[in-house]
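Novice: Model the following, please.
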Amino acid sequence: MDDEDFDRLQRYHDGALEPDEIPAVEARIESDPEWAEAIRAMRITGEMVQAEVGEAVAGAHFDGLWAAVEAELPAG
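Specialist: Below is the predicted model:
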């Protein structure tokens, strides 16, 4: 898989692919084991990142965050 193909597959994964490109990418995923493995890896990685971020956000304390930001803004 070259860089252009990887970029196309990444955009498919991210939901950023042009609608007219989707059928060709989906057909390639079905017919090419390298593409199928790459999209599987992207999905697994995405799920892992979402889980980690979700845990981090769940444990974060945002009390007073806006007041701290607002205090740093220039008066005006």
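
Novice: Please make it C-alpha for all contacts and neighbour counts, starting now.
Specialist: Noted.

Novice: Tell me the secondary structure of Gln10, please.
Specialist: The three-state label given to Gln10 by DSSP: H, G, I helix; E, B strand; the rest coil is helix.

Novice: Just give me the neighbour total for it.
Specialist: Using other Cα atoms under 10 Å, Gln10 has 16 neighbouring residues.

Novice: Tell me the backbone dihedrals of Pro19, please.
Specialist: phi -50, psi -40 (degrees, to the nearest 10).

Novice: try His61
Specialist: Torsion angles, degrees, to the nearest 10, at His61: phi -110, psi 120.

Novice: next one: Asp32
Specialist: The phi/psi pair for Asp32 (degrees, to the nearest 10) is phi -120, psi 110.

Novice: That one and Glu21, how far apart?
Specialist: 16 Å (Cα to Cα, to the nearest Å).

Novice: And Ala36, by the same measure?
Specialist: 17 Å.
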